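Trainee: structure for the following, please:
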Amino acid sequence: MKISIVTPVLNQAAFLERTIRSVLDQRGEFELEHLVVDGGSTDGTLEILRRYADRLRWLSEPDTGQSDAINKGLRLVNGDVLAWLNADDLYLPGALAHVAAEWRHTSFAWAFGNCRIINAADVEIRRGITAYKIWQSRGYSYRRLLRRNFIPQPAVFFSRAAYEQVGELDRDLTYAMDYDYWLRLGRRWCPRYVDHFLAAFRWHPRSKTGAAYRAAAWETFQVARRHAAGGSRLDLCWHFMHYCTLCVLYRFL
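Mentor: Model (predicted):
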């Protein structure tokens, strides 16, 4: 089976090489395809990509944002299993071997695992948040997902067939395009939960979520409201309370 990874990037030279290595160093019974989609970086990103040109594919041209870059990449890859990994995040050793083993056991529409949170120096932080998300993940339900976004984007994988049915990411969303996609997938299929650490999400001042957690949380709530239209008001109340709690907590993180 073939796993295709798309990495959108714009001026992330400080972290990009670590991201690339985390993908290319994966080993297991699978074929690997890595495509990096650059939006026109001016910080040394292209020099890094040229050094790895014999081991990955890349393109550099203007785009309209992260979702546009991811959509462009997903249209160009051809794996059985697809994912995107942002240019400051990492796959942990053995991650793709776990995914491939799950696929060989029984193919899935989509699957997700656990994800550590790391800082700019690759040191794990915020273990309490990680533990909370694992607890939520082990009790997954679509209703629970409507109430809070606990699925870690770097640790999500989906089949080509699911992608072709659900379609592309919403380019109008700035922060919650992943959450919107999980809700679209989840409406059709229950995900496979892989109880292993597959990835690491990097929290740093320049990251989109780190720099604008309030705006990200609010957009996430708006996405939940869209998907809950005609459904339970209680679920939206839970999500709004979760949003308010996050806005308070992240002031101290």
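
Trainee: just to check, N114 is in contact with T130?
Mentor: Yes. Here N114 lies in contact with T130, judged by C-beta atoms under 8 Å, at a distance of 7.3 Å. Placement of C-beta: from N, CA and C, glycine included.

Trainee: and the pLDDT for R226?
Mentor: Model confidence at R226, given as pLDDT, is 90.

Trainee: a strand runs through D63, doesn't it?
Mentor: No. D63 is assigned coil when assessed by DSSP: H, G, I helix; E, B strand; the rest coil, not a strand.

Trainee: for it, the count of nearby residues, please.
Mentor: 19 (other C-beta atoms under 10 Å).

Trainee: what's the separation between it and R55?
Mentor: Distance of D63 to R55, computed by C-beta to C-beta, to the nearest Å: 23 Å.

Trainee: before we move on, what about R127?
Mentor: For R127, the distance to R55 - C-beta to C-beta - is 33 Å.

Trainee: do a quick rundown of the helices in the protein.
Mentor: Secondary structure of the chain (DSSP state H): helices located at 13-24, 45-51, 66-76, 95-105, 127-138, 142-147, 160-166, 177-188, 208-211, 213-227, 233-249.

Trainee: now the angle from the fourth one to helix 13-24?
Mentor: Read that as helix 95-105. Using axes from the mean of the first three to the mean of the last three C-alpha atoms, to 10 degrees, the direction of helix 95-105 lies 40 degrees away from that of helix 13-24.

Trainee: bridged to the closest residue to L92 other than its chain neighbours, which residues?
Mentor: Of all residues not flanking L92 in the chain, F197 sits nearest, at 5.4 Å (C-beta to C-beta, 6 or more residues apart in numbering). Under the criterion DSSP bridges, F197 forms beta bridges with N114.

Trainee: test my guess that F197 contacts P93.
Mentor: No. Using C-beta under 8 Å, F197 makes no contact with P93, being 9.7 Å away.

Trainee: returning to what we had before: nearest to A83, of the helices of the chain?
Mentor: helix 95-105 (8.3 Å; C-beta to C-beta).

Trainee: ok, residues contacting the closest one?
Mentor: If you take C-beta atoms under 8 Å, 6 or more residues apart in numbering as the criterion, helix 95-105 is touched by 1, 3, 26-30, 32, 80-81, 108, 111, 113, 155, 157, 192, 194, 196-199.

Trainee: ok, now stretch 40-47?
Mentor: V9, L10, N11, Q12, A13, L16, D38, S60, E61, P62, D63.

Trainee: rerun at 6 Å
Mentor: V9, L10, N11, A13, L16, D38, P62 (C-beta atoms under 6 Å, 6 or more residues apart in numbering).

Trainee: number of residues surrounding the fifth one?
Mentor: Using other C-beta under 10 Å, L16 has 24 other residues around it.

Trainee: again, but for the one 3 residues further on
Mentor: Other residues near T19 come to 26 when the count uses other C-beta under 10 Å.

Trainee: any weak-confidence spans in this structure?
Mentor: 206-211, 229-234, 236-253 (pLDDT under 70).

Trainee: go with 90
Mentor: Low-confidence segments of the chain (pLDDT under 90): 147-148, 204-218, 220-221, 225, 227-253.

Trainee: just give me the residue right at the centre of it.
Mentor: Centroid-nearest residue in the chain: Q153, 2.4 Å away (criterion: C-alpha atoms, centre = their mean).

Trainee: residues near the closest residue in space to that residue that isn't next to it in sequence, how many?
Mentor: Of all residues not flanking Q153 in the chain, D178 sits nearest, at 4.2 Å (C-beta to C-beta, 6+ apart). By other C-beta under 10 Å, the residues close to D178 number 23.

Trainee: what sits against the residue nearest to L92?
Mentor: Here F197 is in contact with L92, N114, R116 (C-beta under 6 Å, 6+ apart).

Trainee: residues near the second one, how many?
Mentor: As a burial measure, the neighbour count of N114 was computed by other C-beta under 10 Å and equals 20.
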